[in-house]
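Novice: Have a look at this fold, sequence not included:
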């Protein structure tokens, strides 16, 4: 198998783990899962030259935003897995370790803090939200779970690779 295929399997697996956490937050803590339709709306508006919104939820819905948001979410997970493999090499895939996976997972919180949240109207690191500290903590936990997912998916790929 090649590194691109590893990145796809690991990225999808890690993103699934992150999504399971997102869905578990509702019954556990009363926190709704992320709305990736809004991410799709943000991405769709970029094709019209609009990269920043005062509040993405106040922008008119776009046809297909739900599937666009979920697709972007999974492609981003694959890209971050590819980054992990590029930095730590295929050796990491043969013998996954927690440290690099968590480093990349936690490091990915930069994307929502500096790109997505400002672009969608929430400000840098959710500074314009009603409870910025809570929003930051939720992002950090979700991306830490993504890092754990990178490790678990890496273990799964290792099993397949060693067969």
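Specialist: Nice, I can see it. Small disclaimer: the values here were computed from a predicted structure and weren't measured.
Novice: tell me which residues in the helix or strand of the chain with the lowest mean pLDDT are buried?
Specialist: Lowest by mean pLDDT, DSSP states H and E among the helices and strands of the chain is helix 90-94, with a mean of 93. Residues 92, 93 are the ones in helix 90-94 that count as buried (16 or more other Cβ atoms under 10 Å). Heads up, the C-betas are built off the backbone N, CA and C, glycines and all.
Novice: For that helix, which outside residues touch it?
Specialist: Contacts to helix 90-94, defined as Cβ atoms under 8 Å, 6 or more residues apart in numbering, come from residues 3, 6, 10, 84, 85, 100, 154, 157, 158, 161, 162.
Novice: Need the contact partners of the helix or strand that it is followed by.
Specialist: Counting by DSSP states H and E, the next helix or strand C-terminal to helix 90-94 is helix 98-107. Helix 98-107 is contacted from outside by 14, 80, 83-84, 87-88, 92, 140, 143-151, 154, using Cβ under 8 Å, 6+ apart.
Novice: Just the ones of these in helices?
Specialist: Mapping the contacts of helix 98-107 onto helices (DSSP state H) picks out 14, 80, 83-84, 87-88, 92, 140, 143-151, 154.
Novice: By neighbour count, sort out the buried ones in the residues you listed.
Specialist: 14, 80, 84, 88, 92, 143-151, 154.
Novice: between these, which is closest to residue 23?
Specialist: residue 145 (11.6 Å; Cβ to Cβ).
Novice: Does that closest one touch residue 16 like I think?
Specialist: No. Contact criterion Cβ atoms under 8 Å: residue 145 and residue 16 do not qualify, at 10.8 Å.
Novice: Could you identify which of the contacts of helix 90-94 has the most neighbours?
Specialist: Neighbour tally across the contacts of helix 90-94 (other Cβ atoms under 10 Å): the maximum, 31 neighbours, falls on residue 10.
Novice: OK, contacts around that one?
Specialist: Neighbours of residue 10 in contact, by Cβ under 8 Å, 6+ apart: 81, 84, 85, 93, 150, 153, 154, 157.
Novice: now those in CSV, with distance to residue 74?
Specialist: Shown next, in CSV, are these (distance: Cβ to Cβ, whole Å):
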residue, distance to residue 74
81, 11
84, 16
85, 17
93, 19
150, 14
153, 13
154, 17
157, 16
